[in-house]
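Engineer: please find the sequence and the predicted model below.
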Number of protein chains: 2
Amino acid sequence: MSQQHAITPTRAENFPEWYQQVIKEADMAENSEVRGCMVIKPWGYAIWELIQQQLDAEFKRTGHTNAYFPLLIPISYLEKEAEHAEGFATECAVVTHHRLEARKDPESGKTRMIPSGELTDKYVIRPTSETVIGAAFSRWLESYRDLPIKVNQWCNVMRWEMRPRIFLRTTEFLWQEGHTAHETREEAEAETSLMHGIYEQFQREVLALATIPGEKTEHERFPGAVRTYTVEGMVQDCKAIQAGTSHFLGQNFALAQNISFAGRTNERQFAWTTSWGVSTRMIGTLIMAHADDDGLVCPPRVAPKQIVIIPVMPQPEQRESIISHCRALADKLSRQQFHGMPLRVAVDERDLNGGTKKWEWIKKGVPVRIEIGPRDLEKGTVCLCRRDDPTGKKLFPSEEEFAATAVQLLEDIQGALLDRQRSFRDAHIRACNDLEELKRNFAGEGNADWLLCPWEGTPEQEEELGKSLRISIRCVPLGKLGEGPEAPCILTGKPTTRRVLWARSY
Amino acid sequence: MSQQHAITPTRAENFPEWYQQVIKEADMAENSEVRGCMVIKPWGYAIWELIQQQLDAEFKRTGHTNAYFPLLIPISYLEKEAEHAEGFATECAVVTHHRLEARKDPESGKTRMIPSGELTDKYVIRPTSETVIGAAFSRWLESYRDLPIKVNQWCNVMRWEMRPRIFLRTTEFLWQEGHTAHETREEAEAETSLMHGIYEQFQREVLALATIPGEKTEHERFPGAVRTYTVEGMVQDCKAIQAGTSHFLGQNFALAQNISFAGRTNERQFAWTTSWGVSTRMIGTLIMAHADDDGLVCPPRVAPKQIVIIPVMPQPEQRESIISHCRALADKLSRQQFHGMPLRVAVDERDLNGGTKKWEWIKKGVPVRIEIGPRDLEKGTVCLCRRDDPTGKKLFPSEEEFAATAVQLLEDIQGALLDRQRSFRDAHIRACNDLEELKRNFAGEGNADWLLCPWEGTPEQEEELGKSLRISIRCVPLGKLGEGPEAPCILTGKPTTRRVLWARSY
């Protein structure tokens, strides 16, 4: 593509505003008049449906079933698990009345609807469902034979946001939350790891996001959890986004909610529970990780359309033959499969000029754009552009060759996006054993690398250092990245082999 | 099956209680501690997923796309369309606060969470989304070129219920709501009819429910609609269930919410809108229409498992060979397709006695049950029971023949359930031209036929007659059923060719 860009401002000029404009120009979502709540428009929602479909298959493959639990949570449920309740108290939407009454406003003369029918027992809209699902587990569970219980729900949740940002932090969002109960600690820990691994793999293979899997520190843990595992994505301004979490809840919720059972020797035992979730926030991560100054770049596995065919018709009398040719090609492509689903192909037959159409599909991030005009028809070729190629180079394969290799082409694009994302990530993570260097790295507003530091600070020290630099410990990476030779903690000087990742985040 | 029944009480003994027990024994759903809200358990939710999947394909085939709109509706939005607001005012859950504060209760010493952060602008949880989606349409729509807009959302809604009944009338329920905007009245009317037709066809072909499609009277119309079309199902106690509605909203919402556009000659015009929806209520209808005194009877197209194979292993040493044989058969079956989806087959390998397993699957309504024991293995046969056969007759086809005809068998069961349901319905609808006969028909508590009556009463007369007999006009049936030779209105004596259906309903 040329030096001009479809998105104003560019990433370099103003990253947060660029993000808003990408979403707007791709027609993915918009802010609504309901404070902090977004409308997910068809193009954005189609991406969510593809995420759901492919992730749901993984959940089912690993023995989970879907169910649905109430939207409202009695406040008394929250009170049972104090740490959990406190964690969400400041962001709960509260339902206090169950009807409206029409009253005439004496000043304006207008009819106003006034809340009426005050509830004795008030409710919050679920910010997450550990309590209400725990209550169900408590009813369902009698004997060790009923275990494990492995359910998941796809639903909306609400956390009142003071500084909303579309997709990344909205008052209402869509997500899935898995909840499981097990007989033993080991099984629950294995489940927590399994789902953590599925998230890492899903983001890598489907969203082309090379996240860093790790464990949260005590300070950053889910309220009520014993351990929280996270996958942390890096986006193009080097900020971190927590893109999925899996929690080992120990027996905390089981004790608070009496999730107990008769064990193998008939003694009463408490279950070990887990929960794990990913949300529409992943779409925000996807945009910030892959989009460029011309708009969205959609990995093929979640692209609502993977290939768009634009008929080029300089003369009206060519219209019919070119369109029918394009339709036949689309039909041929649609009968091929990519990762178990038919190729998603569109022919853009609209009566608009070619440039308008072309830029619309570029901004929507469709991986492969094909143009077919009278000369292509004659020569049996197509004009092909890959969205992931920033040079916008045109290729002219024969139509036959293109049709035969379309699936491989999508696979290549998927792989190229992942490689690029992984390289970017690796170029912006480095070791740092010196507090002054950390402070320099995170001074100012610009992009800042993630720093891997020896750390043995307390939660209070972590909070203080984090607040002063507007950063946080994203995780203790699993595996080699989270370990190093013994070195002094960057803050306290206490020797440690543990490494944590400090970063600025959304 | 024997004279003994798996469900107590039977339908004849106590229909409402039988209904609750069927749901419980099939493990489909349960009431939660949140008043009027249910937990949909995996078996019930799997039916909903199959409904969603197949209906969603129809929506997409007819040019609709999915989107998602906010859960909360500002009360000011409701106030804009007075009739609509009034219709839902008495059943709205109201959100008035956005946080909780911990306070120590001086009496008990316990920490209580108290609503705090009162909102200036209060919200209701959507009872339906015409207003919030209308506001989006108003933002999106500029010119006639943007029309039609055809979106749908799958979501939860809330209508505060004083007398909840699981699946049929719950405070929270799941549904889809389609919303469209069109340039002309004719297009909007055609859309309303199209979706009404899709509902009728879906219920008939997929749920094996022969509904009566018709139009609601003014009195029964959706608040704010110009016309409301309904599909009315009859269940086994002869009560009616409104199983889906499609509304032509005229320009009512467009005027109230300024859904307008520049027309073809550039003049400002208001759009014509529609909305249409079906909900988890269909699952209640399905149960009441097909289940019997042994539990659920699931039409194959929405059965979470269509075929269950129970290995019969009198001797432990036969276990391995029989189970591996059953698995091979399941595998073979799963590779076949029924209505575009792989057959859903389970092998019940649990270590329970055969009778327990058998009755569990009967109560869950699995269409085909297969038992395979050592003698079957020798002879190459299977023991087969059809869930729709109330005699529980065992058939002994060769395994080869069964595998070759399994898809056809499911098709036969699907057809047989529809035939039975349609015959039941037709046996309980009759013409009635006499008010006294109507009163006799609906006196008392027992099952009462639906009566097709000449009717020209006013909405007030309709309400009065309805209240006195606890009945309602379900619809003016479309087509021949809704017309007859000129006859005096059953109440007013005014001559009419119109026929309406009076019935008792859920």
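Structural biologist: Yep, it's here.

Engineer: going by C-alpha atoms from here, please, whenever you check contacts or count neighbours.
Structural biologist: Will do.

Engineer: quick one: is the helix or strand containing A:His97 near chain B?
Structural biologist: Secondary structure from DSSP states H and E places A:His97 in strand A:94-104. Yes: for strand A:94-104 and chain B, the contact criterion (CA under 8 Å from any CA of the partner chain) is met by A:Val94, A:Val95, A:Thr96, A:His97, A:His98, A:Arg99, A:Leu100, A:Glu101, A:Ala102.

Engineer: out of these, which end up buried?
Structural biologist: A:Val94, A:Val95, A:Thr96, A:His97, A:His98, A:Arg99, A:Leu100, A:Glu101, A:Ala102 (16 or more other CA atoms under 10 Å in any protein chain shown).

Engineer: pLDDT added to these, as TSV?
Structural biologist: Output for these, formatted as TSV (pLDDT from 0 to 100):
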residue	pLDDT
A:Val94	97
A:Val95	97
A:Thr96	97
A:His97	97
A:His98	96
A:Arg99	95
A:Leu100	95
A:Glu101	93
A:Ala102	88
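
Engineer: show me the contact partners of the longest strand belonging to chain A.
Structural biologist: As assigned by DSSP state E, the longest strand anywhere in chain A is strand A:111-125. The contact list for strand A:111-125 (CA atoms under 8 Å, 6 or more residues apart in numbering or on different chains) reads A:71-75, A:92-105, A:157-158, B:75, B:79, B:89, B:94.

Engineer: partner strands of the strand holding A:His97, parallel or antiparallel?
Structural biologist: strand A:111-125 (antiparallel), strand B:94-104 (antiparallel) (DSSP bridges).

Engineer: among these, which is nearest B:Arg504?
Structural biologist: strand A:111-125 (29.4 Å; CA to CA).

Engineer: then the closest one to PDB, C-alphas only?
Structural biologist: Backbone C-alpha positions of strand A:111-125 (Å, rounded to 0.1, in the frame of the first residue of the first chain) are rendered in PDB as follows:
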ATOM      1  CA  THR A 111     -44.600  11.000  32.400                       C
ATOM      2  CA  ARG A 112     -41.600   9.500  34.200                       C
ATOM      3  CA  MET A 113     -41.000   5.900  35.000                       C
ATOM      4  CA  ILE A 114     -40.000   5.600  38.700                       C
ATOM      5  CA  PRO A 115     -38.400   2.400  40.300                       C
ATOM      6  CA  SER A 116     -41.000   0.700  42.500                       C
ATOM      7  CA  GLY A 117     -41.400  -2.600  44.200                       C
ATOM      8  CA  GLU A 118     -38.300  -2.500  46.300                       C
ATOM      9  CA  LEU A 119     -36.700  -5.900  46.900                       C
ATOM     10  CA  THR A 120     -36.100  -7.200  50.400                       C
ATOM     11  CA  ASP A 121     -33.300  -9.400  49.100                       C
ATOM     12  CA  LYS A 122     -31.200  -7.400  46.600                       C
ATOM     13  CA  TYR A 123     -29.100  -8.800  43.800                       C
ATOM     14  CA  VAL A 124     -26.000  -7.900  41.900                       C
ATOM     15  CA  ILE A 125     -25.600  -8.700  38.200                       C
END
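
Engineer: any idea of the mean pLDDT for the very next helix or strand once past it?
Structural biologist: Next helix or strand after strand A:111-125 toward the C-terminus (DSSP H and E): helix A:130-140. In this model, helix A:130-140 carries a mean pLDDT of 96.

Engineer: need the residues that contact helix A:130-140.
Structural biologist: Against helix A:130-140 from outside (CA under 8 Å, 6+ apart): A:69-70, A:73, A:77-78, A:149, A:179, A:181, A:253-254, A:257-260, A:275, B:32.

Engineer: which one of these sits closest to A:Ile212?
Structural biologist: A:Ser275 (19.6 Å).

Engineer: circling back to that earlier point, possible to save the strands paired with strand A:94-104 as JSON lines with distance to A:Gly284?
Structural biologist: Formatted as JSON lines, those follow (distance: least, CA to CA, whole Å):
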{"stretch": "strand A:111-125", "distance to A:Gly284": "23"}
{"stretch": "strand B:94-104", "distance to A:Gly284": "25"}
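
Engineer: can you give me the end-to-end distance of stretch A:150-168?
Structural biologist: Using CA to CA, to the nearest Å, the end-to-end distance of stretch A:150-168 comes out at 28 Å.

Engineer: hmm, it touching chain B?
Structural biologist: Yes: judged by CA under 8 Å from any CA, stretch A:150-168 comes into contact with chain B at A:Val151, A:Cys155, A:Trp160.

Engineer: now, those that are in strands?
Structural biologist: A:Val151, A:Cys155.

Engineer: check the residues of stretch A:150-168 next to chain B against B:Cys453 and report the nearest one.
Structural biologist: A:Cys155 (44.5 Å).

Engineer: re the thing from before, return the closest of the buried ones among the residues of strand A:94-104 next to chain B with respect to A:Leu209.
Structural biologist: Closest to A:Leu209, out of all of these and judged by CA to CA, is A:Val94, at 36.1 Å.

Engineer: got the CA positions of the strand holding A:His97 in CSV?
Structural biologist: What follows is strand A:94-104 as a C-alpha-only set of coordinates in CSV (Å, rounded to 0.1, in the frame of the first residue of the first chain):
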residue,chain,number,x,y,z
VAL,A,94,-27.1,-3.7,42.0
VAL,A,95,-30.8,-4.6,41.3
THR,A,96,-33.0,-3.1,44.0
HIS,A,97,-36.5,-2.9,42.5
HIS,A,98,-38.6,-5.1,40.3
ARG,A,99,-41.0,-2.7,38.6
LEU,A,100,-41.5,0.8,37.3
GLU,A,101,-44.4,3.1,38.0
ALA,A,102,-45.5,5.9,35.7
ARG,A,103,-45.7,9.3,37.5
LYS,A,104,-46.4,12.6,36.0
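
Engineer: who touches A:Arg430 in this structure?
Structural biologist: Counting by CA under 8 Å, 6+ apart, A:Arg430 has contacts A:Asp449, A:Trp450, A:Leu451, A:Leu452.

Engineer: state which helix of chain A is the longest.
Structural biologist: helix A:399-427 (DSSP state H).

Engineer: next secondary structure element downstream of that helix?
Structural biologist: strand A:429-431.

Engineer: that following strand: what's the following helix or strand?
Structural biologist: Counting by DSSP H and E, the next helix or strand C-terminal to strand A:429-431 is helix A:435-441.

Engineer: partner strands of the helix or strand just after that following helix, parallel or antiparallel?
Structural biologist: Using DSSP H and E, the next helix or strand after helix A:435-441 towards the C-terminus is strand A:450-454. Sheet pairing here is set by DSSP bridges, and for strand A:450-454 it gives strand A:429-431 (parallel), strand A:495-503 (antiparallel).

Engineer: what's the most buried one of those strands?
Structural biologist: strand A:495-503 (a mean of 23; mean count of other CA atoms under 10 Å in any protein chain shown).

Engineer: and the helices in chain A?
Structural biologist: Under DSSP H, chain A gives helices at A:15-25, A:42-61, A:75-80, A:82-89, A:130-140, A:185-205, A:252-257, A:281-290, A:319-334, A:354-364, A:374-379, A:399-427, A:435-441, A:459-469.
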